[in-house]
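Asker: Build me a model from this:
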Amino acid sequence: MTRIRARLFLSVLVSICLAGGLPLALPGTAWADDEPTFSVQGFGTLGAARTTTEEARFVRDLTQPTGARNRWDGRVDSLLGLQANWRLSPELEVVAQGVSRFRYDQTYTPEFSWAFLKYDPNPRLSMRVGRLGTEFFMMADSRMVGYSYLPVRPPGDFFWYLPFLGIDGADLAMIFPLGDDVLRGKLYYGVSDASIPLADKQWKIDGSRMAGGYLDYQSGAWLFRVSYANIRFSNDMPIDDVLGSYLPVSAQAPAHDFLAAANTRSHYYSLGAVYDRGPWQIQLMLNSITQGARIFESSKGGYVLAGYRIGPVTPYVGYSRVFSDSRGATLNPVVARIMADAHVDQCTTILGARWDLARNIAIKAQWDGIHGKANSIFPFRLETDAFKGRLDVFSLTMDFVF
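Answerer: Down below sits the predicted model:
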């Protein structure tokens, strides 16, 4: 989707809300079965974060070109989204979602995160086509809606490797009742339309083909998921300028070929479990990522998070861990330095509280204690040689839906 289309989409939604040009159905209301319904909802986060160092910038995910340091910064978590649902019939629905957030080009240009047609021929089968949220890992498709999850942000040690917020494609979901339990499955395929910031450039992954699927098993308060996905990258990373600055002409082509990402495939495996009953909410996630390109490092990560509701307040505590496998030594120091940018070896302790101030407003405060090796620089931005892999992150957010 182009920027112009994204701006037009948000403008149309706002105009509809203000002018009442179409009949709106508020969440939770329904029209007669033979009448179409149109509804608009919104969500957002007002947030600020700061760290304890000037030697690296903390980011929420890989789509952000810079992030928080040792002064309060509102760019990391703040965003605003609108979603329109147009149900044409009991089986057919059009959904569009636009989000404005700090993105790869250091702007807040609105963009489509969802824009699909959904067809439910029966209660056990659902098909969608258009722009879909990525579901590589459990809970990944709701990363934008801060109100929907317990902590300030999804734990980075687990989710950092997912800069893919959407695909243009199709998916098929099925539900299989098993007595009192439920088994759900989904398959999807599409192409990416995204850019990842790298210093003063962007790595274009437009046209990268993605495919995957998952199985969910719901039993009482427990939800389990096993998933697999892969992506075949369409373009190389923009490293020619770096190679040209430090290597002779005769060495540039071999180095570029050695670090090529185009036409390589990365594989994503994950297991997840969520428990939510009474005052308790518990999450456990594990992943393993196998990278096909030498410029990246394969990794393993996971986290555990537990919260206990006490009236409107839910204190929570968590722990996450991620580490990547070094690709080994290389005789070329320039190539070795580029490869080292993908290395991570750290753990994070999470402590926070969520206060549900109103039915649709949540205030959160959180501390992340990040303890990494000195060479653990992924995915921090603008890190210096003085950075030792350790920092504290303090965050305050207000999440809301309307």
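
Asker: the strands in the stretch 251-400 of the chain, which residues?
Answerer: Ranges of strands within the stretch 251-400 of the chain are 265-277, 280-290, 299-308, 313-324, 345-358, 361-372, 390-401, based on DSSP state E, counting those that start in this stretch.

Asker: and Gln64, which of these is closest to it?
Answerer: Between Gln64 and those, the tightest spacing by Cβ to Cβ is seen for strand 390-401, at 13.8 Å. Quick note: C-beta positions are derived from backbone N, CA and C, even for glycine.

Asker: which helices and strands sit right next to that closest one?
Answerer: Counting contacts by 3 or more Cβ pairs under 8 Å, 6 or more residues apart in numbering; DSSP states H and E, strand 390-401 is packed against strand 37-51, strand 361-372.

Asker: before we move on, the earlier item: can you add mean pLDDT and mean neighbour count and give the strands of the stretch 251-400 of the chain back as JSON lines?
Answerer: Below are the strands of the stretch 251-400 of the chain laid out as JSON lines (pLDDT from 0 to 100; neighbours: other Cβ atoms under 10 Å):
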{"stretch": "strand 265-277", "mean pLDDT": "96", "mean neighbour count": "17"}
{"stretch": "strand 280-290", "mean pLDDT": "97", "mean neighbour count": "19"}
{"stretch": "strand 299-308", "mean pLDDT": "97", "mean neighbour count": "20"}
{"stretch": "strand 313-324", "mean pLDDT": "98", "mean neighbour count": "19"}
{"stretch": "strand 345-358", "mean pLDDT": "98", "mean neighbour count": "18"}
{"stretch": "strand 361-372", "mean pLDDT": "98", "mean neighbour count": "19"}
{"stretch": "strand 390-401", "mean pLDDT": "98", "mean neighbour count": "20"}
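
Asker: possible to save these as JSON lines with distance to Met237?
Answerer: Converted to JSON lines, the strands of the stretch 251-400 of the chain look like this (distance: least, Cβ to Cβ, whole Å):
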{"stretch": "strand 265-277", "distance to Met237": "13"}
{"stretch": "strand 280-290", "distance to Met237": "17"}
{"stretch": "strand 299-308", "distance to Met237": "17"}
{"stretch": "strand 313-324", "distance to Met237": "16"}
{"stretch": "strand 345-358", "distance to Met237": "22"}
{"stretch": "strand 361-372", "distance to Met237": "23"}
{"stretch": "strand 390-401", "distance to Met237": "26"}
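
Asker: Of all the helices and strands packed on strand 390-401, which one comes closest to Gly207?
Answerer: Closest approach to Gly207 among the helices and strands packed on strand 390-401 (Cβ to Cβ): strand 37-51, 29.4 Å.

Asker: could you give the mean pLDDT of the closest one?
Answerer: Mean per-residue pLDDT for strand 37-51: 97.

Asker: what do you get for stretch 113-133?
Answerer: Here stretch 113-133 scores 96 as its mean pLDDT.
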